[in-house]
Every structure is written in structure tokens, then in C-alpha cells.
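> Need a 3D model of the sequence below.
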Amino acid sequence: MEASVAVEVETMKALMLTGFGGYEKIKLQEIPKPIVSDDTVIIEIKACGMNFSDLYTRQGIFTHGVKPPFVLGLEGAGVVTEVGSNVTEFKVGDRVLCWNFKYGMWSEFVKVHKSQCFAIPENMTFTEANCIVTNYLTAYFVIMDFGNLRPGQSVLIQSAAGGVGWAATQIARSVENVKIFGTASSSKHEMIKENGVTHPIDYKNHDFVEEVLKHEPSGVHVILDCLSGVDFIRAQNCLRHMGRIVHIGISNMINGEKRNILQNLKVWWQTKNINIFNVIMKNHGICGLSIASIFENEPETFRNTLEKIMNLYNDDKISPRIDSVWSFDEVVQATKCMVERKNIGKIVLLPKKDENTELVETFQN
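Residues are numbered from 1 along each chain as shown. Below is the predicted model:
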């Protein structure tokens, strides 16, 4: 009888969500390395981005229907190491950003469809590349497309020191003579002012609606809402006639390490109570935005907008800010930083922090 030969499976490290819950549900594990197929590419990840939506995922609030265990992460950047037989758009050695809205990016190597990659400029670092899809793409759609911000208008950006808020401020300031209101804790005001916010609002100690109306009695033209709940409803009180409010997130549901069911239900209930009569009489536009849905249903629009953002980067109109860089085994500390709203700009994870040679000037850790 012929002896069977054991085939050694090549493995890699990845951050797995083993179940919904607290920080202990994220585990650094060894899993099989992906194998390339016809329409896919394999990318060695040099850096991957952390987003507020990753907190929703860990707590089980919203997961695109995916159930644990799975590899976390929506975005990454690195170098193409293998290409499938049907791939002509990329070659081995290309520097790319990549994404997967069904997760899987927090890993040493990822396998994605060729449509889920985008070449990055030589002068763009891998850490910066992680700001482009979830932060700048979202911001661009809110400010320029749904918001249709015009010269001489005004905008309120909630959480102006976060990844999307930082990006939205820069997109907004690319429009001439725009007044930008931004909410953030007082310790972050100098930074967001340097980024372009003209009227910072300390949301912890002041009513943001009163602060906006004090400077803009008729209200603002555009609001970026990432809070949801009562803040989403109240924000409409500082929206002028024919103004647009774009809802992109539910950060008010996150108030600690673990999911708070009562808080989640409260925020959901408050958000759903939109007064249609007021919307009509005040001529308000209320929009929702999911870049995952745009990629799925309007892929050409998705990629065309990515091109516009890369042009803004090449023209020095936008400048991603990296708050802090953490290794995979520091993922809990990185997550706490975001849960406690300490970050200004992007939090980035590195599979091999000690091997990364990119210079990032400001780290909180």
C-alpha cells in the first residue's frame, strides 16, 4: 500500500473575529495563505486601515450578513505578489490599495478580485493609501455629490477629527469661500482648525445647533452626519431651506467596549422618527450613503471618483493624516484608541511594524 504524502500548507498571520463581543474576540491567528485564481490578485499587505465601522462589526451591530469566525478589515495597501491568468490590469510588484466590504483585509496576504484594487502613486505611502477608500471616497460623495457644496456655502461636519471628518474638511475647503463648522472635543480644536475648520465646536460643553445658528442664522447648506440618533434629528434644526443632510454612520451606538442593546435600540428609534411634513416644508434633502453599496451597484462611479481623489492628492489638494500606527499584536490598544475617541485622523495597523520604513511624523502611541 502506497504511503500518502502530506502536503504542507503555507500559512500567514491574520486578525480573526472569533465571535461578537469585547476586545477578547479579536485573535491573531495562523491561517492558510490564499491561492490565486483566474480573475484575482494576491497582495502582500504592508498596512491596513482601522475604521469606526470595525467597531460595529466586532460588536455585531452591522456586518453585511457575515458571521464569525472571519478575518476583520475593509481596506489594505501593499504589493502585488501573484496575478491570475485573466488579470492584465496589474502585474507583480505593483503598489496598490485594495478593499473588501465583506472583510478579510487585516492579514499578511489577501486575495481580491481585480476590480477591488487600485494603483497608488509612487509618492503615496502605504499608510496614506488606507485613507483613500473609506475616508476620502466617503467624504467626496457626501460633500461634492450628495451635498453638492458650492462656492460661498457652509457645511457642518460631525466628528471633524475622525478619519472621514478630516477628509471631508479637506474636500470642503477645496471649494471656494466655504464656511466649515466642525465638532470635536476642545483638545482637538487647534488641529482641526489647521486642517480647514473655520468654526470648531466643542460638542461636549456646547450645543452644536446653537453654535451653528449663532454664526449662520439661516443654517448651513450641507451636513455630514456620522452620529445618528437624536443628534441626526436635531442637526436638521440648523439646516437651511434647500439644505442637504447626508447620513453615513451610527457612532452614537458605540459607548464602550461591548454592545449596549438599550443604547442601540434608543439610537435606532430616534433616527427613524423623521418628520416628513418638516422635510417638505423646509425643502430638506435627507440622504444616506454606503460606499459598499456604491461599489456593488455603481462600480464605474466608484472608480471614477477614486480617480478624482487621486488627482486631488497629486495636486496637493488633500493630505491624509495618520494618527497612529500599531502592529497586529497591538490591535486591542489601537481599538481602544478609537472607542475612546482619542484619534485625530487615521489609525493604521501593520502586519510587521518593525519592518515598515515609512516615516509618519505624529503617533499617539
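
> now what about the helix or strand bottoming out on mean pLDDT in the chain, what contacts it?
Across the helices and strands of the chain, mean confidence by mean pLDDT, DSSP states H and E is lowest for helix 261-272: a mean of 74. If you take CB atoms under 8 Å, 6 or more residues apart in numbering as the criterion, helix 261-272 is touched by 61, 228-230, 232-233, 247, 250, 252-253, 255. (Each C-beta comes from the backbone N, C-alpha and C, glycine too.)

> can we see that at 10 Å?
56, 59-61, 225, 227-234, 247, 250-256, 260 (CB atoms under 10 Å, 6 or more residues apart in numbering).

> What residues of the longest strand seen in the chain count as buried?
Counting residues, the longest strand found in the chain (DSSP state E) is strand 40-50. By neighbour count on 16 or more other CB atoms under 10 Å, the buried set for strand 40-50 is 40-50.

> likewise stretch 47-66?
By neighbour count on 16+ other CB under 10 Å, the buried set for stretch 47-66 is 47-61, 63.

> Show me which of the residues you listed is closest to residue 324.
residue 50 (9.6 Å; CB to CB).

> before we move on, the earlier item: and after the least confident helix or strand of the chain, which helix or strand comes next?
Going down the chain from helix 261-272, the next helix or strand is helix 276-281, by DSSP states H and E.

> Summarise which helices and strands that next one is packed against.
Under the contact criterion of 3 or more CB pairs under 10 Å, 6 or more residues apart in numbering; DSSP states H and E, helix 276-281 touches strand 285-288.

> ok now stretch 68-76, how far from the chain's centre?
Averaging C-alpha positions (CA atoms, centre = their mean, to the nearest Å) puts stretch 68-76 14 Å from its chain's average.

> Show me what the mean pLDDT comes to for that stretch.
Mean pLDDT, stretch 68-76: 97.

> and the end-to-end length of that stretch?
End-to-end distance of stretch 68-76: 20 Å, with CA to CA, to the nearest Å as the criterion.

> Also stretch 93-102?
Per CA to CA, stretch 93-102 runs 25 Å from first to last residue.

> Please give the centre-to-centre distance between stretch 198-206 and its chain.
Centroid separation for stretch 198-206 versus its chain: 22 Å, with CA atoms, centre = their mean.

> same check, this time on stretch 151-163
Relative to its chain's centre, stretch 151-163 lies at 16 Å (CA atoms, centre = their mean).

> Can you pick out the most distant pair from the buried residues of strand 40-50?
The widest separation within the buried residues of strand 40-50 (CB to CB) is 24.5 Å, between 40 and 50.
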